[in-house]
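Asks: dropping a prediction and its sequence here:
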Amino acid sequence: MSKNLFDLSGRVAVVTGGTTGLGHAIALGLAEAGADVVPSSRRLEQVEKAAAEIEALGRRSLRITSDVLNRASLQALHDAVLKQFGKVDILVNAAGITHKGATLEVNEDDWSRVIETNLTGTMRACQIFGSTMVRAGYGRIINIASLTSFVGFYKVAAYCASKAAVASLTKVLAIELAHTGVNVNAIAPGVFPTPLNASLIQGTPRGEELILRTPMGRFGRAEEIAGAAIFLASEAASFV
C-alpha cells in the first residue's frame with residue numbers, strides 16, 4: 001500500500017468535542033496527517049487553545065464554539081467552515097457526557113441530557129454536515145461509540161444506552177449514504193482516561209477491574225486513538 005493513501009492534505013475536518021479528551025487527540029492526529037482541522041466545543045478558551053495547536057502544526061483552523069444541544073450553533077459552525085474553506089470533507093462526532101447513578105433512581109433530566117448530547121447531538125451534526133457532504137459527493141463521518149455500545153457498565157445506563165444507539169445510528173447512516181460517496185463509521189475505544197471519566201476509573205476499584213479485563217493490562221493513551229481516525233478519514237478507507 002502506498003503511504004499517500006493515508007495523506008489528508010487538502011482535506012477539511014470538523015471535530016465536535018475536539019478540544020478535550022479523545023476528540024482533541026483525534027483533531028491533532030488529523031492535522032498531523034495533513035488536514036485543516038476545526039476543533040469545536042462550548043468553551044472559547046479551549047477552542048482557542050486547540051486551534052492554536054493545530055496552526056502550530058502548519059494547518060489552518062477556526063475558532064468557533066458550538067453546543068451539540070443547540071442545532072443553530074452547529075449550523076453556524078458548519079456555515080463558518082464552509083465560508084472559510086469552501087467545503088467540509090471529514091466530520092468527527094466526539095462530544096459526549098456521562099452521568100453515574102443507579103438506573104432505578106436516575107433523574108429523567110439527567111437521563112435526557114446524556115441522550116440528547118451523545119445521541120441526538122451526534123444525529124444533528126450528521127444531518128447538518130452530512131447533507132453538505134452528500135451534495136459534494138464526498139465525505140467521511142466518524143462517530144465515537146464506546147465499549148458500552150456492546151456491554152453494560154455499572155450505573156451508567158444513560159451513557160451505555162446512548163452509545164449503543166450511536167453504533168446503531170452509524171450503521172443506518174452508513175447504509176443510507178454509501179451510494180453518495182459519504183462513508184460513515186464509528187470508533188469504539190477501549191478504556192481511555194479522559195476528563196469525562198477519570199474520576200470513575202483512576203485509582204478506583206472499577207478502574208482496577210477494567211485493567212484486569214484489558215489484555216494489555218493498562219489504559220489507552222489518548223494519542224493511540226488517532227491512527228484509527230486517520231485511517232477512516234483517508235482514501236485507505238474508501239470501501240469501509
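Replies: Yes, it's here. Owing to the predicted nature of the structure, the values given are computational and were not obtained by experimental measurement. Residues are numbered from 1 along each chain as shown.
Asks: in contact with Thr132, which residues?
Replies: Contacts for Thr132 (Cβ atoms under 8 Å, 6 or more residues apart in numbering) come out as 78, 82, 87-88, 139. The C-beta positions use only the backbone N, C-alpha and C, and glycine is treated the same way.
Asks: just put these in a markdown table and tack on pLDDT and distance to Leu232.
Replies: Converted to a markdown table, those look like this (pLDDT from 0 to 100; distance: Cβ to Cβ, whole Å):
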| residue | pLDDT | distance to Leu232 |
| --- | --- | --- |
| His78 | 98 | 20 |
| Leu82 | 98 | 22 |
| Lys87 | 98 | 18 |
| Val88 | 98 | 16 |
| Gly139 | 98 | 12 |
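Asks: could you tell me which of those residues belong to helices?
Replies: Residues of these located in helices (DSSP state H): 78, 82.
Asks: tell me where the protein has helices.
Replies: Here the chain has its helices, by DSSP H, at 21-32, 44-56, 71-85, 108-115, 121-136, 157-177, 198-201, 205-212, 226-233.
Asks: just name the most buried of those helices.
Replies: Mean neighbours per residue, mean count of other Cβ atoms under 10 Å, is largest over these for helix 21-32, with a mean of 26.
Asks: now do that one, average pLDDT.
Replies: Here helix 21-32 scores 97 as its mean pLDDT.
Asks: okay, the angle between that helix and helix 226-233?
Replies: In terms of direction (axes from the mean of the first three to the mean of the last three Cα atoms, to 10 degrees), helix 21-32 departs from helix 226-233 by 60 degrees.
Asks: who does helix 21-32 touch, helix- and strand-wise?
Replies: Judged by 3 or more Cβ pairs under 8 Å, 6 or more residues apart in numbering; DSSP states H and E, helix 21-32 is in contact with strand 12-16, strand 36-40, helix 44-56, strand 90-93, strand 139-144, helix 226-233.
Asks: neighbouring strands of the fifth one in the sheet, and parallel or not?
Replies: According to DSSP bridges, strand 139-144 has the following sheet partners: strand 90-93 (parallel), strand 182-187 (parallel).
Asks: give me the mean pLDDT for the last one.
Replies: Strand 182-187 shows a mean pLDDT of 98 in the predicted model.
Asks: other residues contacting it?
Replies: With contacts defined as Cβ under 8 Å, 6+ apart, strand 182-187 is touched by 126, 130, 133-134, 138-145, 149, 166-167, 170, 173-174, 177, 225, 228-229, 232, 237-238, 240.
Asks: before we move on, the earlier item: specify which member of the contacts of Thr132 is nearest to Ser61.
Replies: Nearest to Ser61, judged by Cβ to Cβ, of the contacts of Thr132 is Val88 at 13.3 Å.
Asks: that closest one: what's it in contact with?
Replies: 12-14, 78, 81-82, 129, 132-133, 139.
Asks: before we move on, the earlier item: from the contacts of Thr132, which is closest to Gly101?
Replies: His78 (34.2 Å).
Asks: ok, the closest residue to Gln84 other than its chain neighbours - contacts?
Replies: Nearest-residue entry for Gln84: Leu62, 5.8 Å, with adjacent residues in sequence omitted and distances by Cβ to Cβ, 6 or more residues apart in numbering. Residues counted as contacts of Leu62 (Cβ under 8 Å, 6+ apart) are 38, 51, 80-81, 84.
Asks: let's have those in JSON lines, adding distance to Met216.
Replies: As requested, these are arranged in JSON lines below (distance: Cβ to Cβ, whole Å):
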{"residue": "Val38", "distance to Met216": "33"}
{"residue": "Ala51", "distance to Met216": "33"}
{"residue": "Ala80", "distance to Met216": "40"}
{"residue": "Val81", "distance to Met216": "37"}
{"residue": "Gln84", "distance to Met216": "41"}
